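Asker: pasting the structure only:
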């Protein structure tokens, strides 16, 4: 009832504020990429937040995870410093319940959602991120149970070179090189990034190499976009996945390639094909001269004198994802209609996950599994006069889980040209990951009998535009989830096991706002506001949950940009959040769990000061300026205050 009253009050405030604005305000018609039919932002009825990546948030290595953490309602749970390893969840879902796309290509990994943000691209070559809040299965396919993030790459406007170098706390070094070439009907971008750090505590060092290439070709009415990416990342994982072992380590490699061909006038069409290969080596005991060495089957740490005889080998996984799809769109007197289809193949080779092989693959992988997914979409939109309607459906087939249908619709009404009220009902689903199905470890155990998750979401909302650049959106939703998958256990003596929870009810409210209509020489340039509230009512039979039920209960983000003097400016971020529930505290000195404690309120203040010259920008950034002790994941410590400085040169 309290949420409803707040929501009604916000609607009244919106109408009151709008009545004082000019009727001549023109909406900013940004074209939305996260849709099967061509829509402007004002026609998009699904809750969506568009974040510009041209002006990066105050992050260390141009990573996308820090931008999302500092500027959206998305829950980004970072392990260690910046982009080392991050989980993404939307609207109280788990990190497996949302998907990540690049220019509409699904980059999600079937092994685990932990790899969703291990994408081979940096924010230096990205234009924007479109965050779609709420169920997206009828648009994006399986696994977009709670939402999706679609990163949009930049299209270079002129040839040139950009160099970005920074250095800071924990001996962190970051270097970016971007090469752009623009011709009459052809442009291309090549980005090379290298990052390394000693880490802020023991075994949190990391290094990363990222290479991304894209070209765009125009052949009359036919356009071709080609994307290639490679990521090589190694990092000390301290207590990342279990606090009982602080010398964990992980090595990941990913290669990605995709092509999109599109065109047409009377009927717009698009064809895409993509491939993603991913290798993951997880070491429970880090293997190196300074950590553990395997001596005749016994892992020995010569620094501490520790030895382990029960640990046999590291976990090695190789996943392959390949797919192809098409989309046809037609504008006609009845509105906009689209149909499409996609085939997606997912395979894993592993020495831990999958079914036993008769013969080892590449003398390393002894288990394997695969699944083939076929999806057919249909969508229709009507956008005339003051009425906005969008409805669609997805038919999904998987050889293990059979044929399923997912559908939904949204409707809106323009009270005025700049004030819209809307409502929608949508159904979505998610497949179990290979980790949830098969993993067997020291502290975790999978379940091969899991079935897909399902959810039905109901929501209402408003969109108010003050001008081309300023707005406020309010959303209220209820998601009823069934067969929700979670890692649970009865007591601290038990392993975490995956189970289909009977039911998970999620209630939430969101507010997104931005004001940019300041004079050119004004002190303030931009004020951004994000607030989200989530409540979950679970039926988990009294079990303790590792991920699903420790969502962000409240998150408040305030972004402020202002001038200091002439070409000197500052960007501030205030990020306040409170996580739901309690967790079992781990005492690292005693190497034992102790007692249940509540998640604390966290307040993070970040600042970036930039001096802009003709072709050179110099910046100094501070993170967690109040040096608050906090964490995003229970028993995984986060860094305190950190400082980075650098220079960006355009040639």
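Answerer: Nice, thanks for sending it over. Source: prediction; values computed, not measured.

Asker: separation between residue 637 and residue 239?
Answerer: 8 Å (C-beta to C-beta, to the nearest Å). Where you see a C-beta, it was placed from the backbone N, CA and C, and this is true even at glycine.

Asker: who has more neighbours, these two?
Answerer: residue 239 (23 against 19; other C-beta atoms under 10 Å).

Asker: For the chain, give me the ranges with low pLDDT.
Answerer: For the chain, the stretches with pLDDT under 70 are 1-31, 34, 55-62, 539-542, 546-548.

Asker: Check it and tell me which residue is nearest its centre.
Answerer: Centroid-nearest residue in the chain, with C-alpha atoms, centre = their mean: residue 88, separated by 4.5 Å.

Asker: So that residue: helix, strand or coil?
Answerer: Per DSSP: H, G, I helix; E, B strand; the rest coil, the local secondary structure of residue 88 is strand.

Asker: Now for it: which residues touch it?
Answerer: 65, 68, 74-77, 95, 98, 100, 113, 116-117, 149 (C-beta atoms under 8 Å, 6 or more residues apart in numbering).

Asker: Tell me the secondary structure at residue 65.
Answerer: Residue 65 is classified as helix under three-state DSSP.

Asker: from now on call the first residue 34
Answerer: OK, 34 is where the count begins now, so the last one is residue 98.

Asker: Spit out the contact partners of it.
Answerer: Contacts of residue 98 by C-beta under 8 Å, 6+ apart are 92, 109, 111, 115-116, 119, 121, 150.

Asker: Those residues in strands, which ones?
Answerer: 109, 111, 119, 121 (DSSP state E).

Asker: who wins for most neighbours among the residues you listed?
Answerer: Most neighbours among the ones in strands among the contacts of residue 98, by other C-beta under 10 Å: residue 121, with 26 neighbours.

Asker: Please name the bridge partners of it.
Answerer: With DSSP bridges as the criterion, residue 121 is bridged to residue 109.

Asker: ok so residue 147 is a helix residue?
Answerer: Yes. According to three-state DSSP, residue 147 belongs to a helix.

Asker: can you count the residues close to it?
Answerer: A count of nearby residues for residue 147, using other C-beta under 10 Å, gives 23.

Asker: Equivalent analysis for residue 614, please.
Answerer: Residue 614, neighbours per other C-beta under 10 Å, totals 16.

Asker: re the thing from before, quick one: which of the contacts of residue 98 is nearest to residue 510?
Answerer: Nearest to residue 510, judged by C-beta to C-beta, of the contacts of residue 98 is residue 121 at 18.5 Å.

Asker: And the closest one, how far from residue 263?
Answerer: Counting by C-beta to C-beta, the gap from residue 121 to residue 263 is 21 Å.

Asker: And for residue 680?
Answerer: 26 Å.

Asker: ok, residue 548 touching residue 555?
Answerer: No. Judged on C-beta atoms under 8 Å, residue 548 makes no contact with residue 555 at a distance of 11.4 Å.

Asker: Those two: which has the busier surroundings?
Answerer: Taking neighbours as other C-beta under 10 Å, residue 548 and residue 555 compare with residue 548 leading, 16 against 10.

Asker: hang on, the earlier thing: so which of the contacts of residue 121 wins on neighbours?
Answerer: Neighbour counts for the contacts of residue 121 (other C-beta under 10 Å) peak at residue 131, which has 30 neighbours.

Asker: Bridge partners for that one, pull those for me.
Answerer: With DSSP bridges as the criterion, residue 131 is bridged to residue 180.

Asker: what sits against it?
Answerer: Residue 131 neighbours (C-beta under 8 Å, 6+ apart): 121-123, 146, 149, 176-182.

Asker: please redo it, this time with the cut-off set to 10 Å
Answerer: Residue 131 sits next to 107-108, 120-124, 141, 146, 149, 164-166, 169, 173, 176-182, 463 when contact means C-beta atoms under 10 Å, 6 or more residues apart in numbering.

Asker: Filter these down to the buried ones.
Answerer: For the contacts of residue 131, a burial check counting by 16 or more other C-beta atoms under 10 Å picks out 107-108, 120-124, 141, 146, 149, 164-166, 169, 173, 176-182, 463.

Asker: how about the contacts of residue 121 in JSON lines, adding distance to residue 499?
Answerer: Below are those laid out as JSON lines (distance: C-beta to C-beta, whole Å):
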{"residue": "98", "distance to residue 499": "30"}
{"residue": "101", "distance to residue 499": "25"}
{"residue": "107", "distance to residue 499": "24"}
{"residue": "108", "distance to residue 499": "28"}
{"residue": "109", "distance to residue 499": "28"}
{"residue": "110", "distance to residue 499": "33"}
{"residue": "128", "distance to residue 499": "35"}
{"residue": "131", "distance to residue 499": "30"}
{"residue": "133", "distance to residue 499": "31"}
{"residue": "146", "distance to residue 499": "37"}
{"residue": "149", "distance to residue 499": "34"}
{"residue": "150", "distance to residue 499": "33"}
{"residue": "182", "distance to residue 499": "26"}
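
Asker: Nearest to residue 84 among those residues?
Answerer: residue 101 (7.4 Å).

Asker: and that closest one, that's in a helix?
Answerer: Yes. Under the criterion used here (three-state DSSP), residue 101 sits inside a helix.

Asker: you'd agree residue 342 is up against residue 318?
Answerer: No. The pair residue 342 / residue 318 is not scored as a contact, 11.4 Å apart, by C-beta atoms under 10 Å.

Asker: between those two, who's got more neighbours?
Answerer: A side-by-side neighbour count of residue 342 and residue 318, using other C-beta under 10 Å, places residue 318 first with 19 against 9.

Asker: Using neighbour counts, pick out the buried residues of the host helix or strand of residue 206.
Answerer: Taking DSSP states H and E as the criterion, residue 206 maps to strand 205-215. By 16+ other C-beta under 10 Å, the buried positions in strand 205-215 come out as 205-209, 211-213.

Asker: Now do that strand: which elements does it pack against?
Answerer: strand 193-201, strand 219-230, strand 239-252, strand 675-683 (3 or more C-beta pairs under 10 Å, 6 or more residues apart in numbering; DSSP states H and E).

Asker: repeat that with 7 Å
Answerer: Packed against strand 205-215 by the contact rule (3 or more C-beta pairs under 7 Å, 6 or more residues apart in numbering; DSSP states H and E) you find strand 193-201, strand 219-230.

Asker: Report the angle between the last one and strand 239-252.
Answerer: For the pair strand 219-230 and strand 239-252, the angle between their directions (axes from the mean of the first three to the mean of the last three C-alpha atoms, to 10 degrees) equals 180 degrees.

Asker: who does strand 219-230 pair up with?
Answerer: strand 205-215 (antiparallel), strand 239-252 (antiparallel).

Asker: the helices in the stretch 284-433 of the chain, which residues?
Answerer: Along the stretch 284-433 of the chain, no stretch is classed among the helices by DSSP state H, counting those that start in this stretch.
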